[in-house]
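**Q** what follows is a predicted structure for the sequence shown.
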Amino acid sequence: MGLSRLKVELEEYNEKWKENFNKEKIILKNIFKEDALDIQHVGSTAIPGIKAKPIIDIAIAVKELDIALKHRKQLEKEGYAFRGDAGVKGRYFFSKGSDDNKTHHVHVETIDSTNWKNHVLFKNYLIKHPEEIKQYEKVKVHLAEKYADERKKYTEGKNEFISKILEKAEKELDENK
């Protein structure tokens, strides 16, 4: 498990990703305690059946963003590096592993934020709609081939598809109210 910070390599879905998340969740719960309102496995490794970069994405919901800073030293003791917002306003980002082998990304977000809502909504919608998983995988494979050494361009290339899925998920959510 793990991948260079700059590379894009996709692997077939692996059940061990879920197991790895569950182990890491225990560590994070012990650090954040009651400050963690929810901890979710997000990103492609949380979606059964889809190819993904072998890095576990974890979102932690908190009441106030600065709670992440309160736990920064403990996270660093567990091997997490603080990356500020890493280009996404309204969150704090931590990564685990060396630059040559990143294994985990932690996104600390407020529970009422768009960032949190989108992480959870996107994952849940795809799991509920397997036909969309295949479409997303096609996009990811194409971008991984095109931008194998340009992680930022790979990530940016997924934005249009992700936005469309979030629109569908929002609509479905509104219809079910």
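**A** Done, it's in. Owing to the predicted nature of the structure, the values given are computational and were not obtained by experimental measurement.

**Q** all helices for the protein, in order.
**A** 16-32, 67-70, 72-77, 114-128, 130-146, 151-175 (DSSP state H).

**Q** out of these, the one nearest V88 is which?
**A** Among those, helix 114-128 comes nearest to V88, with 6.7 Å by C-beta to C-beta. Where you see a C-beta, it was placed from the backbone N, CA and C, and this is true even at glycine.

**Q** any idea which of the helices of the chain is most buried?
**A** For the helices of the chain, the largest average neighbour count (mean count of other C-beta atoms under 10 Å) is found in helix 114-128, namely a mean of 18.

**Q** per-residue confidence averaged over that helix?
**A** For helix 114-128, the per-residue pLDDT values average out at 94.

**Q** now stretch 138-148
**A** 90.

**Q** nearest residue to N14 other than its sequence neighbours?
**A** Nearest residue to N14, sequence neighbours excluded (C-beta to C-beta, 6 or more residues apart in numbering): P54, at 7.4 Å.

**Q** the one you found: neighbour count?
**A** When neighbours are defined as other C-beta atoms under 10 Å, P54 has 21 of them.

**Q** right, and it touches M1 too?
**A** Yes - using C-beta atoms under 8 Å, P54 is in contact with M1, at 4.8 Å.

**Q** give me the common contacts of those two.
**A** Common neighbours of P54 and M1, using C-beta atoms under 8 Å, 6 or more residues apart in numbering, are 17, 103.

**Q** count the neighbours of the residue lying closest to S44 once chain neighbours are set aside for me.
**A** The shortest distance from S44 to any non-neighbouring residue, by C-beta to C-beta, 6+ apart, is to A52 (3.4 Å). Using other C-beta under 10 Å, the number of residues around A52 comes to 22.

**Q** any low-confidence regions in this structure?
**A** 2-6 (pLDDT under 70).

**Q** helices or strands up against the lengthiest strand in the chain?
**A** Counting residues, the longest strand in the chain under DSSP state E turns out to be strand 101-110. Applying 3 or more C-beta pairs under 8 Å, 6 or more residues apart in numbering; DSSP states H and E, we find strand 101-110 packed against strand 56-62, strand 91-98, helix 114-128.

**Q** sort out which residues of it are buried, please.
**A** Counting neighbours by 16 or more other C-beta atoms under 10 Å, one finds that the buried residues in strand 101-110 are 102-110.

**Q** now swap in stretch 45-60 and tell me
**A** In stretch 45-60, counting by 16+ other C-beta under 10 Å, buried: 45-47, 50-60.

**Q** first vs last residue of it, how far apart are they?
**A** Distance across stretch 45-60, first residue to last, is 16 Å (C-alpha to C-alpha, to the nearest Å).

**Q** ditto for stretch 143-158
**A** Taking C-alpha to C-alpha as the measure, stretch 143-158 stretches 8 Å from start to finish.
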